[in-house]
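**Q** make a model of this:
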Amino acid sequence: MSTPLVNSGHGPRQQFKLSIGSVTFGLQMSDRKLFGAASVRYRAFTDAARPPIKIALNDGALPAGAAADFTYEFEGAALRAFPSEIRFDGVRNQYALDSLLRVLLSWKLLDRRGFLLHAATVVRDGKAYIFTGRSGAGKSTVASLSPEGSVLTDEISLLRREHGMWRAYGTPFWGEFRAAGLNISAPVAGVFRLVQAAENHLAPLRPLAILRALLPNVLFFSAEAEANRRLLEILSQAATEIAGYNLAFRKNPTFWEVFPR
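**A** Modelled structure (predicted):
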């Protein structure tokens with residue numbers, strides 16, 4: 001992602017609304033360049049019918065005497081979630097804004113039985129296939145080998161349990177393939193742990209093995225014990241209810257041939 005400085009050009013405060021995984025945010029800012037960058041970066045995720053969680057960017061003085069429920073710092077920028085408002089301070093470029101949004105989203109998803117996962121998600125026959133694994137395992141390769149318009153995300157997937165079932169949502173957080181992300185969702189067909197191999201092969205995993213595949217790839221930034229307990233509860237339920245597989249695959253589109261119909 002390009003990270004141009006956007007520390008000039010202030011004007012009236014404006015609000016940009018975006019929705020990721022049905023979590024709606026309202027970014028309030030007076031920096032014209034940052035507003036313009038956000039408007040372009042997240043333009044596919046502006047379907048925000050719900051009242052937004054308001055985020056004040058670079059807004060000056062902090063609430064007097066208020067203790068933050070959650071804080072996080074990233075390269076000079078800071079996220080502070082107070083009971084009455086959420087603040088992003090010291091945000092000087094698009095990259096910092098994008099990073100703080102990921103951190104905040106991972107925290108807000110706890111109350112929505114959801115989580116963020118380092119994974120590529122591809123929609124096939126109306127269902128979402130989640131491809132995860134260590135760095136270099138092949139997430140971007142899978143995305144590049146998938147039909148145009150089928151990639152929800154090539155880097156960070158969002159999973160939520162809704163109405164008794166798990167759904168995967170597109171996100172605007174891209175990786176090497178630079179898939180811009182689709183602002184849609186689909187029911188999850190399964191989670192597939194990638195292993196590059198000479199031949200394609202699919203092997204089912206038990207729930208404990210699925211949980212072990214998920215844990216190192218989950219994005220979560222809170223050290224608070226209760227938050228981590230809730231996250232583990234959500235992941236354990238996902239590992240029990242979502243089918244999981246080891247996918248040994250060759251770097252060509254023939255890997256789809258081993259999937260169950």
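**Q** make it CA atoms for all contacts and neighbour counts henceforth
**A** OK.
**Q** and P172, how far is that from N200?
**A** Using Cα to Cα, to the nearest Å, one obtains 30 Å as the distance from P172 to N200.
**Q** comparing the two, which shows the higher neighbour count?
**A** Just comparing P172 and N200: by other Cα atoms under 10 Å the higher neighbour count belongs to P172, 25 against 19.
**Q** can you pull the pLDDT of the more buried one?
**A** You'll see P172 listed with a pLDDT of 89.
**Q** likewise R178?
**A** R178 carries a pLDDT value of 54.
**Q** please apply the same query to R13.
**A** Each residue has a pLDDT score; the one for R13 is 81.
**Q** and it, which of the three is it?
**A** Assigned with DSSP: H, G, I helix; E, B strand; the rest coil, R13 falls in the strand class.
**Q** would you check that it makes contact with M29?
**A** Yes. Judged on Cα atoms under 8 Å, R13 makes contact with M29 at a distance of 5.0 Å.
**Q** those two: which is more packed in?
**A** Per other Cα under 10 Å, whichever of R13 and M29 has more neighbours is M29, with 21 against 15.
**Q** the more buried one and F35 touch, don't they?
**A** Yes. Distance between M29 and F35: 6.8 Å, which falls inside the contact criterion (Cα under 8 Å).
**Q** joint contacts of those two?
**A** Shared between the contact lists of M29 and F35 (criterion: Cα atoms under 8 Å, 6 or more residues apart in numbering) are residues Q14.
**Q** can you pull the domain assignment for the protein?
**A** Structural domains assigned to the chain are 10-112, 114-258, following automatic domain parsing.
**Q** distance check, D89 against Q28.
**A** Plainly put, D89 is 12 Å away from Q28 if you go by Cα to Cα.
**Q** so what sits against both of those two?
**A** Shared contacts of D89 and Q28, defined by Cα under 8 Å, 6+ apart, are found at L57.
**Q** what's next to the host helix or strand of G190, contact-wise?
**A** Secondary structure assignment for G190, by DSSP states H and E: strand 185-196. The contact list for strand 185-196, computed with Cα under 8 Å, 6+ apart, reads 21, 123, 126-133, 137-139, 165-170, 210, 213, 242-251.
**Q** swap in 6 Å and give it another go.
**A** The set of residues that contact strand 185-196 without belonging to it, under Cα atoms under 6 Å, 6 or more residues apart in numbering, is 127-133, 137, 166-169, 242-249.
**Q** any of these buried? List them.
**A** For these, a burial check counting by 16 or more other Cα atoms under 10 Å picks out 127-133, 166-169, 243-249.
**Q** quick check: T121 touching L152?
**A** Yes. Shown here, T121 and L152 form a contact pair, counting by Cα atoms under 6 Å, at 5.3 Å.
**Q** any shared contact partners between the two?
**A** With the criterion set as Cα under 6 Å, 6+ apart, the contacts of T121 and L152 do not overlap.
**Q** export the strand holding G190 as CSV, just CAs?
**A** Output in CSV follows, covering the C-alpha atoms of strand 185-196 (Å, rounded to 0.1, in the frame of the first residue of the first chain):
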residue,chain,number,x,y,z
SER,A,185,-20.8,-11.8,2.2
ALA,A,186,-21.4,-15.5,1.7
PRO,A,187,-22.0,-18.6,3.9
VAL,A,188,-18.7,-20.3,4.8
ALA,A,189,-18.0,-23.6,3.0
GLY,A,190,-14.9,-24.4,5.0
VAL,A,191,-11.5,-23.3,6.2
PHE,A,192,-8.5,-24.7,4.2
ARG,A,193,-5.0,-24.7,5.6
LEU,A,194,-2.6,-24.3,2.6
VAL,A,195,0.4,-26.5,2.0
GLN,A,196,2.2,-26.3,-1.4
